[in-house]
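**Q** what's the 3D shape of this:
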Amino acid sequence: MADNSEIQSIRKELFSENEKLAKLQFKFTDDYPEVIKVKENIAYLEGELSKTVAKSIASENVTISPVQMDLLQKRVVAKNNIEAAQAALAQLDTLGKQNIEQSNQLSQKSVKFLELQRNAKVSADTYNLLTKSLEELKIKENIDGMDMRVINEPTLPLKHSWPRKLYVMVAGGLLYLVIAGAFIYVQYTRRMSGMKD
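**A** Below is the predicted model:
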């Protein structure tokens, strides 16, 4: 019965499905669609294994009682379940080691990240401090630059600048008289034309 190729192929398929289930259960819950699909496939393969073992036992020429046949069938299924469980444990152990390794890498990376974050904060604070110092120095320089010193004593002009005040006043008075005369003439001609009508 151990030499039966059909039983061996079903056992290999069952073994690979159990490994796949262990990997999926490591990442997902039992409600995940792929996990449900793999569990259904395992149940189907176990049923096929039971049927194949029963056929194999029945086809052999050895006469065994139904109790012995049932025990032999249960023994083969139990052996298969043990091998599948061992494979799942081995797979879980491998995944656990990978998980520990990844968590170690993650902790190293998080330490490096925190160090870089701290350096960035220190650099930003230093930049802000230097910017404030620069502004203070500019203000101080502007204040110091406002100090006025008299280099030479002021001197009065030697002659007055042109136009002189008297000329401007005379020109303004004449312009006023011309504009006022023109206004009076326009008013007078209007009134006279209004009286003729």
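**Q** and the residue most central in space within the chain, what helix or strand is that in?
**A** In the chain, the residue lying closest to the centroid (Cα atoms, centre = their mean) is residue 113, at 15.3 Å. Using DSSP states H and E, residue 113 maps to helix 66-145.
**Q** how far off centre is that helix?
**A** 17 Å (Cα atoms, centre = their mean, to the nearest Å).
**Q** next one: stretch 9-16
**A** Stretch 9-16 has its C-alpha centroid displaced from the chain centroid by 44 Å (Cα atoms, centre = their mean).
**Q** kindly export that stretch (C-alpha atoms) in PDB.
**A** Output of stretch 9-16 as PDB, limited to C-alpha atoms (Å, rounded to 0.1, in the frame of the first residue of the first chain):
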ATOM      1  CA  SER A   9       0.600  11.700  -5.400                       C
ATOM      2  CA  ILE A  10      -2.400  12.600  -3.200                       C
ATOM      3  CA  ARG A  11      -0.100  12.700  -0.100                       C
ATOM      4  CA  LYS A  12       2.300  15.100  -2.000                       C
ATOM      5  CA  GLU A  13      -0.600  17.300  -3.000                       C
ATOM      6  CA  LEU A  14      -1.900  17.300   0.600                       C
ATOM      7  CA  PHE A  15       1.600  18.100   1.900                       C
ATOM      8  CA  SER A  16       2.000  21.100  -0.500                       C
END
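**Q** next, the buried residues of it.
**A** By 16 or more other Cβ atoms under 10 Å, the buried positions in stretch 9-16 come out as 10-11, 13-15. Where C-beta positions appear, they are placed from N, C-alpha and C, glycine not excepted.
**Q** what of stretch 87-101?
**A** Buried, per 16+ other Cβ under 10 Å, within stretch 87-101: 87-88, 91-92.
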